[in-house]
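Novice: Quick one, what's the 3D model for this:
(chains A and B)
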Amino acid sequence: GAVVSQHPSRVICKSGTSVKIECRSLDFQATTMFWYRQFPKQSLMLMATSNEGSKATYEQGVEKDKFLINHASLTLSTLTVTSAHPEDSSFYICSARDRGRGRDTQYFGPGTRLTVL
Amino acid sequence: QQPVQSPQAVILREGEDAVINCSSSKALYSVHWYRQKHGEAPVFLMILLKGGEQKGHEKISASFNEKKQQSSLYLTASQLSYSGTYFCGTEVTGGTSYGKLTFGQGTILTVHP
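Specialist: Predicted structure coming up:
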């Protein structure tokens, strides 16, 4: 079964509104989660690293005031796209590394498809 | 810097083999391989942590040459379900965050009956 969940899976919103996306690790704790964005037929581009209990680290060119990240617990990170515009329409995917109990696997959530009208 | 994958696309008939390569300009700590189907999130295949390591997963295996900063994914006796886009994700040595991956541009694999 899924070990990283995302909610919602799909969202359509009007330009100017804010959208919140949740990412949860279901049966392991993740002190670090990652947020990626993927445009059609392109690769995954890392947006930011979400750190539990501290500020997120953003990649070059990603506006931290536009993409707010909060990692309030060891199993939950949220990405808020503020004042969304059509160019923000994309597939947003989170991931988390599980190194517990002899495992070493990086799981991706199922993704959230954002469409801004 | 983004790792380079080759080939960009490959078309196979069921039962044929394929090799996908991933090459980095930076020293690597690990290489991850994923398969993504259209409209879905990437699915983890395997992670390679040590130089020269080779791993297998049924008919899919991979090698990691730390010295050459390269990894290869081997698909043998391909099945229709293998179709999708394959991405390698690389984690550099001395990176700032554990688990931070940079992805290659992807290799589109199509398996025909």
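Novice: Show me which residues of chain A sit near chain B.
Specialist: Contacts of chain A with chain B, taken as Cβ under 8 Å from any Cβ of the partner chain, map to A:32, A:34, A:42-46, A:49, A:51, A:57, A:93, A:95-97, A:104-111. Any C-beta I mention is one placed from the backbone N, CA and C, and that applies to glycine too.
Novice: Narrow those to just the buried residues.
Specialist: Using 16 or more other Cβ atoms under 10 Å in any protein chain shown as the burial test, these include A:32, A:34, A:43-46, A:49, A:51, A:57, A:93, A:95-97, A:106-109, A:111 as buried.
Novice: So, low pLDDT: which residues of the chain?
Specialist: Went with chain A since none was named. Within chain A, the set of residues satisfying pLDDT under 70 comprises A:1-2, A:101-103.
Novice: Correction: the question concerned chain B.
Specialist: Looking along chain B with the criterion set at pLDDT under 70, you get B:50-57, B:94-98.
Novice: and the gap between residue B:17 and residue B:59?
Specialist: 9 Å (Cβ to Cβ, to the nearest Å).
Novice: what residues are shared contacts of these two?
Specialist: Listed contacts common to residue B:17 and residue B:59 are B:75, B:76, B:77, B:78; contacts here mean Cβ atoms under 8 Å, 6 or more residues apart in numbering or on different chains.
Novice: Pull the most distant pair out of the residues you listed.
Specialist: The largest distance within those, taken as Cβ to Cβ, falls between B:75 and B:77 and amounts to 8.2 Å.
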